[in-house]
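S.K.: Test case, fold it:
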Amino acid sequence: MKEDTHTEAEIGQTRRKREAIGIDFDGVIHAYSQGWCTGVIYDIPVAGAQEALTLLSRRFRIVIYSARSYDHPEKGQHGKGQKEDMELWLSRYSIPYDEIHTAPGKPDCEVFIDDKGYRFEGDWVKTRKDIERLSSRKWATGGDS
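M.R.: Numbers count the residues shown, from 1 in each chain. Reported below is the predicted structural model:
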């Protein structure tokens, strides 16, 4: 029987080279059933999230992104990022991940899973009509907001 001779560094490097999937935290992993509220991570995982991410993590790097994960101004005050809170919550529910993206903006990933995403397919007329149809905001129909 051949012994595995890969070092931890080599295994880690191979893992880093896998394609990354960017996954939004609120509404995709964290159920977020009451919206932002006070900013506390209060809810349980979305049904099936732990199982799906466990399976996906075998093939892909799991990169979680969220406005929670970095410091930013909020309502005129400086908001402290909640990366540590997210790490504790993910650990509590045994949800695997490789990274929590802490910079503003999207991480470098092959695909994104987001509860507020829309797939653009090169047709702005269709996109505009779809957004107007899907949106419940007044601005989408030309009203004030």
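
S.K.: Wait, Ile100 touches Ile64, no?
M.R.: Yes. Judged on Cβ atoms under 8 Å, Ile100 makes contact with Ile64 at a distance of 5.0 Å. All C-beta spots, glycine's among them, are computed from the backbone N, C-alpha and C.

S.K.: shared neighbours, these two?
M.R.: Common contacts of Ile100 and Ile64 (Cβ atoms under 8 Å, 6 or more residues apart in numbering): Met86.

S.K.: okay, those two: which has more neighbours?
M.R.: More neighbours surround Ile64 than the other of Ile100 and Ile64, with 26 against 22 (other Cβ atoms under 10 Å).

S.K.: what bridges to the more buried one?
M.R.: Ile23, Ile100 (DSSP bridges).

S.K.: Which residues are in contact with it?
M.R.: Gly22, Ile23, Asp24, Phe25, Ile29, Met86, Leu90, Tyr97, Glu99, Ile100, His101.

S.K.: State the pLDDT value of the residue nearest the centre of the chain.
M.R.: The residue lying closest to the centre of the chain (Cα atoms, centre = their mean) is Asp24, at 1.7 Å. We have a pLDDT of 95 for Asp24.

S.K.: do Thr14 as well
M.R.: 53.
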